[in-house]
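*Asks:* Predicted model and sequence follow; I will ask about them next.
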Amino acid sequence: MTGAATGTATGAVTPRLPVVLLHALPLSSAMWQAQATALRERGHTVIVPDQRGFGAEPLGEQPPSLDTVADDLAARLDALGHRKVTLVGCSMGGYAAMAFLRRHRRRVGALALLATRATADTPEQAAGRRAFAGLVVDDAQRDELITRTTPLLLGATTKAERPGTLAEVLAWSRAADPRAVAWAQEAVATRPDSVEVLRATDVPALVAIGTEDELVSVDEATLTAGSLPQGRLVTVPGAGHLQPLEAPELTTRLLTTLLDGDGTR
């Protein structure tokens, strides 16, 4: 994948700090396959959990809340014996990462937020998510909804030049449990503003935004990066909302730079 970054994260991070990769909605941990494989080949411990209701993870009976997702991750890390990690989240995974920061800040040694905004939803955005949640569990509405909205996750370049990626994302979206998708949309809709949480997160941090992202703007990503004391903004050319799938090699290089604490490009 070609492309150039406009910035990188700085700071020293031990290369052996476990790396947690948090997936986007409505996908699963499978979206991180390229990065997980590459980072493990470099000797990193990589943890790629499915959020509750996705992949093989049961949804459970808890009411929708990203705090629940954050506590699920804390419990998983406890079970694995990992106290501190590098936390990486894409889209919904980024919102889950900020919830984890709010509840377990001392457990994060470095941070990467991809296609994620620090602010809460506007009332209109929250209403849109709740409407989506209602439609996705309706058997008569679901397929049309997925067909119409899933392409928004990908940039124009990806859709034009790599139609196989769109087909793969559509297949994953159709395979997702509608109840889990609705639960996650409700959870994201009720998330609080995280700007102050990020301002208190003084760790090496990367914020990446695709130049063709239709869901999060460069201005929103700039605010997110600027809220982090050690935050650096990177733009990913020709990518939309799913950089790990649309620009896998560049995404891996950016994460490797963060993990190695190398301030060079």
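*Replies:* Received the coordinates, thanks.
*Asks:* Could you pull up the contacting residues of the residue nearest to the spatial centre of the chain?
*Replies:* For the chain, the residue nearest the mean C-alpha position is residue 90 (1.4 Å; Cα atoms, centre = their mean). Going by Cβ atoms under 8 Å, 6 or more residues apart in numbering, residue 90 touches 22, 23, 24, 31, 114, 115, 116, 242, 243, 244. Where you see a C-beta, it was placed from the backbone N, CA and C, and this is true even at glycine.
*Asks:* Next one: it from residue 143, what distance?
*Replies:* Remark: distance between residue 90 and residue 143 (Cβ to Cβ, to the nearest Å) = 25 Å.
*Asks:* Of the contacts of residue 90, which is the most crowded?
*Replies:* residue 114 (31 neighbours; other Cβ atoms under 10 Å).
*Asks:* these two touch, right, that one and residue 243?
*Replies:* Yes - judged on Cβ atoms under 8 Å, residue 114 makes contact with residue 243 at a distance of 5.2 Å.
*Asks:* Common neighbours of the two, please.
*Replies:* Shared contacts of residue 114 and residue 243, counting by Cβ under 8 Å, 6+ apart, come down to 90, 208, 251.
*Asks:* tell me which element residue 95 falls in.
*Replies:* helix 92-104 (DSSP states H and E).
*Asks:* After that helix, which helix or strand is next? Please name it.
*Replies:* Following helix 92-104 in sequence, per DSSP H and E, is strand 108-114.
*Asks:* Give the rounded mean pLDDT of that next one.
*Replies:* For strand 108-114, mean pLDDT is 97.
*Asks:* ok, now stretch 158-176?
*Replies:* 97.
*Asks:* Could you list the buried residues of it?
*Replies:* 158, 159, 162, 165, 166, 169, 170, 172, 173, 176 (16 or more other Cβ atoms under 10 Å).
*Asks:* Could you check how far residue 151 is from residue 173?
*Replies:* Distance from residue 151 to residue 173, by Cβ to Cβ: 10 Å.
*Asks:* again, but for residue 229
*Replies:* Residue 229 is 36 Å from residue 173, by Cβ to Cβ.
*Asks:* wait, isn't residue 132 in contact with residue 145?
*Replies:* Yes - counting by Cβ under 8 Å, residue 145 is a contact partner of residue 132 at 7.1 Å.
*Asks:* quick one, strands of this structure?
*Replies:* Ranges of strands in the chain, per DSSP state E, are 19-22, 46-47, 85-90, 108-114, 205-210, 231-236.
*Asks:* Quick one: closest of those to residue 55.
*Replies:* strand 19-22 (12.3 Å; Cβ to Cβ).
*Asks:* counting contacts, what elements does that closest one pack onto?
*Replies:* Counting contacts by 3 or more Cβ pairs under 8 Å, 6 or more residues apart in numbering; DSSP states H and E, strand 19-22 is packed against helix 33-41, strand 46-47, helix 66-80, strand 85-90, helix 92-104.
*Asks:* Need these in CSV (columns: mean pLDDT and distance to residue 220).
*Replies:* Shown next, in CSV, are these (pLDDT from 0 to 100; distance: least, Cβ to Cβ, whole Å):
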stretch, mean pLDDT, distance to residue 220
helix 33-41, 97, 23
strand 46-47, 98, 27
helix 66-80, 98, 18
strand 85-90, 98, 15
helix 92-104, 98, 11
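*Asks:* would JSON lines of these with distance to residue 16 be doable?
*Replies:* Formatted as JSON lines, those follow (distance: least, Cβ to Cβ, whole Å):
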{"stretch": "helix 33-41", "distance to residue 16": "11"}
{"stretch": "strand 46-47", "distance to residue 16": "12"}
{"stretch": "helix 66-80", "distance to residue 16": "14"}
{"stretch": "strand 85-90", "distance to residue 16": "10"}
{"stretch": "helix 92-104", "distance to residue 16": "20"}
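*Asks:* if you compare the ones you listed, which one is most tucked away?
*Replies:* strand 85-90 (a mean of 27; mean count of other Cβ atoms under 10 Å).
*Asks:* Could you figure out how far that strand is turned away from helix 92-104?
*Replies:* Per axes from the mean of the first three to the mean of the last three Cα atoms, to 10 degrees, the angle that strand 85-90 makes with helix 92-104 is 140 degrees.
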